[in-house]
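A.B. asks: Got a sequence here, can you build the structure:
(chains A and B)
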Amino acid sequence: MTFDELAAQAAPPSERVLRRRYVVRRLLRSPTFLVGAGIVLFWIFMALFSTHVTRFGPLDIDPYHTLKALSRLHWFGTDENGRDVLARTLAGARSVLVVAPLAAVFCLFFGGTIGLISGYYKGYTDEIIMRFVDVLLSLPVIVAAIVVVSAFSSHTQGSPGAQAAVVILVIGILFTPPVARTIRAAVVSEREKEYVQAARLRGERAPFIMVAEILPNILAPIIVEGTVRLGYAVFTAATLSFLGFGVQAPSPDWGLTISLDRTVIQVAWWTVLFPALALASLVVGANLLADGVRKVLSE
Amino acid sequence: MSDARESRLTIGSDAPVLSIDDLRVTFVRRDLDLPVVRGVSLEIGAGETYGLVGESGCGKTTLAMALMRYLPANGRIDGGSIALDGEDMLAVSRERLREIRGTKMAMVYQDPATALNPALRVGAQIAEVYRFHGGLSKADALERARAALERVAMPDPAATLRRYPFQLSGGQQQRVVIAMALAGDPRLLVLDEPTTGLDATVEAEVLDLIAELRERIDASILLISHNLGLVARMCKRVGVMYAGRIVEDGPARDLLTDPRHPYTMGLLRCVPRFGMRKDQAGLVPIPGFLPRLGSGLEGCVFSPRCELATDDCRESEPELDHWSDAERARRARCYHSDQVSGMRAAAAERAPGAAATSAGGTLEISNLGKIFRDGRRRIVAVNDVSLAVAPGEILGLVGESGSGKTTLAGCVTGLLKPDDGSIRFAGQELPRSVAQRGSERLRAIQMVFQNPDSTLNPAWSAGAILGRAVNRLGGLRGAARRARVEDLARRVRVEPQHLEAKPGELSGGQKQRIAIARAFAGSPTLVICDEPASALDVSVQASILNLLAELQASGGISYIFISHDLAVVRYLSDRIAVMYLAELMEIGGAEAVFTPPQHPYTEALMSAIPTIDFAHPRRRIPLRGAVPSLSAPPSGCRFHTRCHRMLGAVCIEQEPPWQDVGEGHAYRCHIPADELCDLQVAAAAGDPE
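C.D. replies: Residues are numbered from 1 along each chain as shown, chains lettered A, B, ... in the order given. Coordinates of the predicted model:
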C-alpha cells in the first residue's frame, strides 16, 4: 500500500449508525419511555378498535339499567342513560386523540416556521416576531381558547367536524409561541456554523438554507417539543370539552363526560372516576413518553 | 521490569515523587468497554519536569485524570498502581483524597476561563485553598492569597484580589489558576495543555512563568501537551504517548534530536520548523488514523501507520525497553529503532511546484474598515487596512486573536459588510454583500473554514455537499456534475466510497478535505483559508497543508492564508501581513518580514514560538501587559502599551508612519528602517538565551 492509499483508508465504522442504534437501544431500555409509550399505544389502539373489544357500544342506551354499580356485566357500571361506562371510557380516547396530535402537529409547523425565520434573519425581523410571540405567550391559554372557540361557535353550530377543526387550530396557535422560542434558540446557534456560511458563499437563498441546511439539524429539539406539546394538548383539549367548548353530547369524550356526569357523582361515582382516570393516564403517559425521548436525545 | 533499571531512569535523587506502574484505564461508552490508557508506567523524580506528548485521543488527559482520581463516572481504573510520595493513590479514602488534592498534587487545566468561578472574586477563590487546607482565618487567607499572586508575578496583586475572573486577560487568568494550584505547596503539579487556546504571546508569558517557577518551587511537574516545541523547551524528560501506551521516553533534548520511535519521528517531520519554506522541503504527514478506541490491536499499536513496519511488528508488540540505552536513559517500544534516523532523509526530497501563471485577478483592499456595534459600544474590528494580493500569490495573515484577521477575511468574502473603504477584484469593485455579488464572483472567491466539525452540514452526505457546490458554482448537472464531484474527490484524495458518508462518519482530516474540495468546486481564483489546519492533529495538519500547497501550485490560485502559527505561515506564504488590534502593522515578503528590520510586534511574536531547534535558541522578548480592548484602542501607535522598543511620547501621541524598506516590505513604526535594523541585529547577536 502506498502512503496515499493509506492516508485515504476508510474511516472506522460509522459513528452515525452507532449513534442511531444507541438511541434506539437506550429508548428500549428506558422505563420512562416504555411505560409512556405503552400507555399511549394502548389508548391509540382503543381509539381505533374499542367497539370491537367491548360488549356494549358507547352510545347504546338501556333505560332499564341506569346508574348501576360495577357488576360482572358492566365492569365499570352504567351512567344515567344506562350506557356502559367501560365502553364509553375506552371509546372516549378517540376525540382527544384526534384533536391533540393534530394540534401538536399544527403548533410544530407554525412554531417551526416562525422559529426558523426569526432565528435565521435575526435583527429587526427577529425582534418584531419575538415581541409578538411574547404577547401571545402572555395570554392565559384556556381563557383565550374559550374566547376564540365561542366567537366561532355560531358558524360551527351543528357541524362537529368544523367545531373540532376550530379547537385544533386554536390549541395549535396557542401552543405556537413556546415552540417558536425553542426552535429559534436552536436555529440561532446553528446558523452561525460554518456550513451555513459556506451555503451563503455559494449564493444559496434564505429559504433553501433554512429548510435544506438548518432544518435537518434541529430535528432533535423539534421531536422533543412535539412530544411535550402532545401532553399539553391532551390536557387542554379535555379542559375545553369539560367547559363545553369541544365536542358535544352524546360523544363519550372524557372531559365532556366528567362535566355532564359530575351532577350524579354522589350516587354514581364510577361515571366520573373512570373517565377521569383514563384522562389522567393518557396525560401521564404522553408526558412520560416526552421525558424519555428528551433524556435520550439530549445525551 | 526490574527495579534497578527503573531507578537508573529517574534523574531526581531520592525516591520518585510520582510512580505509575502498568496503569490501565477503561471508559464505558454506549455500553462498550474502551481501553484508553493501556499499561502506562512512568516515574517522576523530585523537582523533575516530565513532559507527556501525543496527539488527541492518545490518553494523555485520561492519564492525568486517573492520577488525580478525577475520572468521570464512566471511566474506571482496571489495573496497575499509582503511588504519590509512596502512598498508594488507588487505596486512599475519600477523606484522604480531599487532603491530597491541593496539598500533595494539584492540576492546571487547559482553559483558565472555565477553571475559575466567574461569580467569585479572584481573592476569595485563592483564599479558599488556604482556608480549606490550612484552616486560616479569612483575613490571613486573603493575605496569603496576595502573596500567592505575587509569587506568580501578577502585576498589582492587591488590586487583582478584588477583581472577577472576566476582568483579567487569559494570561492573567492562567496565572491565578497556577497560583491556586501552588497554594497548597503540592509535591506534584499537573499541567494539562496549560497554554493551548491562548495566543502565542500569552502562551509565551505563561511558559516563562512556569519555567521560572520550576526553579523556585520544589514541586515536580507533569506537563501534558501536543506541542513538541513546548515540551522541548520546558521539560527535562519526555514520554511520547500513542494509543494509550508510552512508545518512547528519554531526556527531552536527546529524544527530539535523535528519535528512536517512528511515531516520534513522524511527529517531528510533520510540523514545519520555523524558517522552513514549502519550496525547500515537504511536510511528511503520518498516514492513516489513530486506532479507534477499543478496537482489537494486535502487535505494535503504530504498525498500521508505520513505514518501517514488518511482519514482526504486526504479530507481537515490542516492550517499551526493546531498544534502550542506559547511558542516555532512553527507551523505545520499537523493533526497528536503528532505522528511524533514516526516515528523516526521505522527507527532504520534493519536486518544487511549477510556478504556474495565473489567470486570476488582483485583489486590492483599500482603506477597509469594519465596525461592530454592541448597544452604544463601537468596536472597530478592522481599521483602515490596505493591501493587495497578486494572482497566484499566497498572502499569510498573522496576528493574535482579536487582531481582525477573520473580520478582514469576512469582508473579502462578503459574509460581512465592510463599513468603509473598498475591495476591488480583477479591476472591478466588489459589492459589499455576498448576496449582491453574482454567480461569477461567488465562484471566483471561496473560503475554507477553520472548524472541521461544523464546516460540513452533518445531515448531508459528502457527495451531496460537493454536488450542490458543483451545481451552484460550476453550473453542472447530471452526469457532468457527478464526474466533476468524483474528480474533485480524487484531487483532495478522498476515496469515492466516502462520498456516500455523512460528516459524522469521516475523520477530521477527511472532513477538511471535503471542505477544501467544496471551495474548489467552481475553480476559484482566490481562496481564503481561515486557520484551515489548526483544529487538526499535527499529523493530519501536515497533509492538509501539503494539499493546499499542491492545489495552489497546480492552478495558480491566490490564497489569503490566516493562521496564528508563524511557522506554518512562513512555510506556505509568499508574502505576509501582520495585524495588531484591527490595524495592519507590517507587510512584506515572507522572508523579509522575519528578518530585521521588522516591526517590534512581529519581532515579539517570532520570539514567542517554542522551538525544537536546540542549536539556535531564540531570544525571548516578553510582551508587557494585556492586549488592550478594541473598544478603546491606545492612542498614537496602537502597540505602544506593550512595545519593548518604545521611543517615548511620540509613540503615544502620534500615529506611526509607514517605513518603506523596499521590495514591497513596509512596517508601521516611528523607528526608521536602518536604525531598527541595527538595533535588532545587535540584540540578536547580544544574548542568545
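
A.B. asks: Any idea how many residues pack against the closest residue to residue B:217 other than its chain neighbours?
C.D. replies: Spatially, and ignoring its direct neighbours in sequence, residue B:217 is nearest to residue B:182 (6.5 Å; Cβ to Cβ, 6 or more residues apart in numbering or on different chains). Every C-beta, even on glycine, is put in place using the N, C-alpha and C of the backbone. Other residues within reach of residue B:182, judged by other Cβ atoms under 10 Å in any protein chain shown, total 21.

A.B. asks: so what pLDDT did residue 106 get?
C.D. replies: No chain was given, so I picked chain A. Confidence per residue is given as pLDDT, and for residue A:106 that number is 95.

A.B. asks: nope, chain B please
C.D. replies: For residue B:106, the model assigns a pLDDT of 90.

A.B. asks: so is it in a helix, a strand, or just coil?
C.D. replies: Classification of residue B:106 into helix, strand or coil gives strand, according to DSSP: H, G, I helix; E, B strand; the rest coil.

A.B. asks: For beta bridges, what are the partners of it?
C.D. replies: The residues paired with residue B:106 through beta bridges, assigned by DSSP bridges, are residue B:189.

A.B. asks: In this structure it contacts residue B:191, no?
C.D. replies: No - under the criterion of Cβ atoms under 8 Å, residue B:106 makes no contact with residue B:191, lying 9.7 Å away.

A.B. asks: of all of the stretch 351-500 of chain B, which residue lies closest to chain A?
C.D. replies: Nearest to chain A, among the residues of the stretch 351-500 of chain B, is residue B:459, at 3.4 Å (Cβ to the nearest Cβ).

A.B. asks: Return the residues in contact with that residue.
C.D. replies: Residue B:459 is in contact with A:213, A:216, A:217, B:502, counting by Cβ atoms under 8 Å, 6 or more residues apart in numbering or on different chains.

A.B. asks: where's the last one relative to chain A, distance?
C.D. replies: So the one you mean is residue B:502. Applying Cβ to the nearest Cβ, to the nearest Å, one obtains 6 Å for the distance of residue B:502 from chain A.

A.B. asks: just the strands in the stretch 551-689 of chain B please.
C.D. replies: Using DSSP state E, counting those that start in this stretch, the strands found in the stretch 551-689 of chain B span residues B:558-562, B:575-580, B:583-589, B:658-662, B:665-668.

A.B. asks: Tabulate those strands in a markdown table, adding columns for mean neighbour count and distance to residue B:163.
C.D. replies: Putting the strands of the stretch 551-689 of chain B into a markdown table (neighbours: other Cβ atoms under 10 Å in any protein chain shown; distance: least, Cβ to Cβ, whole Å) gives the following:
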| stretch | mean neighbour count | distance to residue B:163 |
| --- | --- | --- |
| strand B:558-562 | 26 | 32 |
| strand B:575-580 | 25 | 25 |
| strand B:583-589 | 24 | 28 |
| strand B:658-662 | 15 | 38 |
| strand B:665-668 | 22 | 33 |
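
A.B. asks: Go through those strands and name the closest to chain A.
C.D. replies: Nearest to chain A, of those and by Cβ to the nearest Cβ, is strand B:558-562 at 13.7 Å.

A.B. asks: which residues are in contact with stretch A:91-98?
C.D. replies: A:43-44, A:46-48, A:50-51, A:54, A:58, A:164, A:234, A:237-238, A:241, A:246-247, A:251-255, A:257, A:275, A:278-279, A:282.

A.B. asks: and the stretch 351-500 of chain B, which residues reach chain A?
C.D. replies: Counting by Cβ under 8 Å from any Cβ of the partner chain, the stretch 351-500 of chain B comes close to chain A at B:413-415, B:434-435, B:437, B:439, B:442, B:446-447, B:449-451, B:454-460, B:468-469, B:472-473, B:493-495, B:497-498.

A.B. asks: doesn't residue B:108 make contact with the residue nearest to residue B:217?
C.D. replies: No - the criterion here is Cβ under 8 Å, and residue B:182 misses it with residue B:108 at 9.4 Å.

A.B. asks: okay, and the common contacts of these two?
C.D. replies: Looking at what touches both residue B:182 and residue B:108 (by Cβ under 8 Å, 6+ apart), the common residues are residue B:189.

A.B. asks: Can I get stretch B:469-489 in CSV, CA atoms only?
C.D. replies: Coordinates of the C-alpha atoms in stretch B:469-489 are reproduced here as CSV (Å, rounded to 0.1, in the frame of the first residue of the first chain):
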residue,chain,number,x,y,z
ALA,B,469,-21.4,23.2,-4.7
VAL,B,470,-20.6,21.9,-8.2
ASN,B,471,-24.1,22.7,-9.3
ARG,B,472,-24.2,26.2,-7.8
LEU,B,473,-20.6,27.3,-8.5
GLY,B,474,-19.8,25.2,-11.6
GLY,B,475,-23.3,25.2,-13.2
LEU,B,476,-23.1,21.5,-13.9
ARG,B,477,-25.9,18.9,-13.8
GLY,B,478,-26.5,15.2,-14.2
ALA,B,479,-23.5,13.1,-15.4
ALA,B,480,-21.2,16.1,-15.8
ARG,B,481,-21.9,17.0,-12.2
ARG,B,482,-21.2,13.5,-11.0
ALA,B,483,-18.0,13.3,-12.9
ARG,B,484,-16.8,16.7,-11.5
VAL,B,485,-17.6,15.6,-7.9
GLU,B,486,-15.5,12.4,-8.4
ASP,B,487,-12.7,14.4,-10.0
LEU,B,488,-12.7,16.8,-7.0
ALA,B,489,-12.7,13.9,-4.6
